[in-house]
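[1] Need a 3D model of the sequence below.
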Amino acid sequence: MFRRSKNNNYDTSQTKQRFSIKKFKFGAASVLIGISFLGGFTQGQFNISTDTVFAAEMIPGSAATLNTSITKNMQNGNAYIDLYDVKLGKIDPLQLIVLKQGFTATYVIKQGTQYYGDVSQLQSTGGARVTYNIFSENGQPHVKDDGQTDIVSVSLTVYDTTILREKLDDLKKKAEDPKWSENSRNEVLEGVHTITEDLDNNPQTETAINDKITSVDELDKKLVTPTITDAEKNDPTGKDQTVNVGEQPDPSQSLTDVPAGSTVAYKDPVDTKTPGEKDAVVVVTYPDKSTDEVPVKVTVVDPRTDAEKNDPTGKDQTVNVGEQPDPSQSLTDVPAGSTVAYKDPVDTKTPGEKDAVVVVTYPDKSTDEVPVKVTVVDPRTDAEKNDPTGKDQTVNVGEQPDPSQSLTDVPAGSTVAYKDPVDTKTPGEKDAVVVVTYPDKSTDEVPVKVTVVDPRTDAEKNDPTGKDQQVNGKGNKLPATGENVAPFFNVAALTILASVGLLSVSKKKED
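    So this is what the prediction gives:
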């Protein structure tokens with residue numbers, strides 16, 4: 001599968017190298033590979049032979065493969081080099097192939113009739129070929145198992161994006177100037193980024209480069225100075241506004257520095273149902289229809305006095321005799337910060353329900369007068385308040401005394417009773433105690449005296465008995481036996497006794 005030609009040596013600067021090239025499948029790439037035996041001359045460290053050329057679809061035993069991971073420089077079995085990258089020292093052709101461990105390689109680039117042993121020598125764009133001479137671990141040219149020298153030749157396209165990149169850099173700097181409108185700046189910078197990203201990641205053709213230069217020129221035309229809206233020219237300031245509860249604030253009174261011809265409105269209705277500081281937003285629509293939203297504050301107040309807003313209620317209060325009532329305890333629903341006082345002092349010297357007036361002074365100095373009642377009570381028990389006095393009472397023997405007749409100064413509603421029954425069986429002065437139970441159930445014990453008398457006369461009380469007596473017969477001498485008593489005397493005595501008996505019976509009936 002190889003041919004021989006005449007064995008002649010040529011100056012490589014003037015001689016075309018002949019290769020029999022065929023495509024073979026290398027991974028996902030279709031690669032052009034040519035193999036040459038060592039021949040009659042050396043270009044640097046790269047041996048080039050015009051004596052024998054070997055072409056094969058596959059190269060068994062080759063120590064090199066193409067580095068397909070560098071997509072910008074290796075695609076579809078072809079190599080690509082940007083002179084822009086060459087000038088920056090970013091290109092090393094040896095990175096386009098992958099060698100077995102310990103193997104090395106040298107390369108030569110043939111472009112037209114020129115051979116270059118270093119990529120930095122490239123000056124022109126167009127087609128070229130890079131040929132690699134593979135060396136074994138011992139530093140000698142690698143000879144494959146079939147005896148052929150391992151040489152790999154790859155088709156190379158050289159292009160130059162320098163002018164395009166310079167235009168991109170210039171346009172990028174231009175677009176970054178804030179004098180342009182934000183939208184146009186963003187559009188241009190995005191376009192520059194897209195083109196630059198494609199240059200950094202993909203190989204280019206001359207046609208593609210020219211198209212991109214045209215695109216850059218078109219992008220440049222899109223940069224425009226911004227139109228300054230009225231909203232950008234103006235800066236209205238919020239102004240506090242105060243309205244009464246239920247009133248609607250005027251948005252024009254919430255702003256300053258609004259240019260003529262503008263309209264203003266609250267973004268949302270302001271709640272004025274309740275007092276307080278309300279946050280709001282005023283939307284300014286300028287003559288050019290641009291808008292501003294300005295945050296403002298609206299203070300909603302209740303115009304009524306505190307006295308008009310409040311309605312404190314009187315509350316009954318009870319105090320002891322001599323104590324001063326607390327006006328704050330005579331009212332309910334008094335707002336914080338208010339002061340209260342009785343209009344006139346409350347008379348607490350005597351018990352009873354007293355009418356009074358509490359004056360409420362609110363924080364805003366408005367006042368209310370609230371009628372109230374104060375009940376003055378004597379905290380003492382009825383027993384402590386009263387001092388009933390004992391009163392002597394006289395009753396007949398056998399009669400029961402009345403305890404109410406044994407006392408004076410007993411208040412109405414009280415009950416009285418002797419602590420112990422009074423002994424009235426016998427006449428005499430009897431000590432007794434009357435218990436007074438007052439309406440509040442307190443009690444007093446009052447010592448009293450009850451005199452027990454026998455209402456009868458001595459004659460009624462006594463019943464003398466006759467006794468026989470002996471007297472002499474003389475007229476002026478009473479006989480001891482009574483035998484000689486004159487009849488007249490006897491009759492008189494009987495008459496007296498009968499009268500006493502009748503009187504006694506009559507007295508008992510009356511009793």
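
[2] what are the ranges of the strands in the stretch 151-300 of the chain?
    Taking DSSP state E, counting those that start in this stretch as the criterion, the stretch 151-300 of the chain carries its strands at 151-159, 237-238, 241-244, 255-256, 263-266, 276-285, 291-301.

[3] The closest residue to residue 324 other than its chain neighbours: neighbouring residues, count only.
    Ranked by CB to CB, 6 or more residues apart in numbering and with sequence neighbours excluded, the top spatial neighbour of residue 324 is residue 348, at 6.6 Å. Yep, even glycine has a C-beta here, placed from its N, CA and C like the rest. Residue 348 has 19 neighbours, counted by other CB atoms under 10 Å.

[4] Can you name the residues that contact residue 348?
    Residue 348 sits next to 319-325, 354, 374, 376 when contact means CB atoms under 8 Å, 6 or more residues apart in numbering.

[5] Also residue 322?
    348-349.

[6] now with 6 Å?
    With contact set as CB atoms under 6 Å, 6 or more residues apart in numbering, residue 322 has these partners: residue 348.

[7] ok so, going back, and the contacts of residue 348 as JSON lines, adding secondary structure?
    As requested, the contacts of residue 348 are exported to JSON lines (DSSP: H, G, I helix; E, B strand; the rest coil):
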{"residue": "319", "secondary structure": "strand"}
{"residue": "320", "secondary structure": "strand"}
{"residue": "321", "secondary structure": "coil"}
{"residue": "322", "secondary structure": "coil"}
{"residue": "323", "secondary structure": "coil"}
{"residue": "324", "secondary structure": "coil"}
{"residue": "325", "secondary structure": "coil"}
{"residue": "354", "secondary structure": "strand"}
{"residue": "374", "secondary structure": "strand"}
{"residue": "376", "secondary structure": "strand"}
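
[8] Pick the most deeply packed of the strands of the stretch 151-300 of the chain.
    Comparing those by mean neighbour count (mean count of other CB atoms under 10 Å), strand 151-159 ranks first with a mean of 21.

[9] just how off-centre is that one within its chain?
    Remark: strand 151-159 is offset 71 Å from the chain centroid, using CA atoms, centre = their mean, to the nearest Å.

[10] One more: stretch 340-350?
    In terms of CA atoms, centre = their mean, the centre of stretch 340-350 is set 48 Å apart from its chain centre.

[11] What is the end-to-end distance of that stretch?
    Stretch 340-350 has an end-to-end distance of 24 Å (CA to CA, to the nearest Å).

[12] State the mean pLDDT of it.
    For stretch 340-350, mean pLDDT rounds to 95.

[13] In it, which residues are buried?
    340, 342, 346, 348 (16 or more other CB atoms under 10 Å).

[14] Same question for stretch 200-216.
    Applying a neighbour-count criterion of 16+ other CB under 10 Å, one finds 203-204, 208-209, 212-213, 215-216 buried in stretch 200-216.

[15] now swap in stretch 80-89 and tell me
    For stretch 80-89, the neighbour count (16+ other CB under 10 Å) marks 80-86 as buried.

[16] Low-confidence stretches in the chain?
    Within the chain, the stretches with pLDDT under 70 are 1-60, 473-511.

[17] go with 80
    1-61, 470-511 (pLDDT under 80).

[18] so where do the helices sit in the stretch 201-350 of the chain?
    For the stretch 201-350 of the chain, helices defined by DSSP state H, counting those that start in this stretch occupy the ranges 206-221, 230-233, 306-309.

[19] Quick one: the contacts of residue 348 as CSV, columns for distance to residue 397 too.
    Formatted as CSV, the contacts of residue 348 follow (distance: CB to CB, whole Å):
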residue, distance to residue 397
319, 55
320, 50
321, 48
322, 51
323, 54
324, 59
325, 59
354, 55
374, 57
376, 51
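
[20] tally of neighbours for residue 138?
    Other residues lying near residue 138 total 8 when counted by other CB under 10 Å.

[21] quick check, it in a strand?
    No. Per three-state DSSP, residue 138 lies outside any strand segment and is coil.

[22] and which of the buried residues of stretch 200-216 is nearest to residue 169?
    Using CB to CB, residue 216 is the member of those that lies nearest residue 169, at 10.3 Å.
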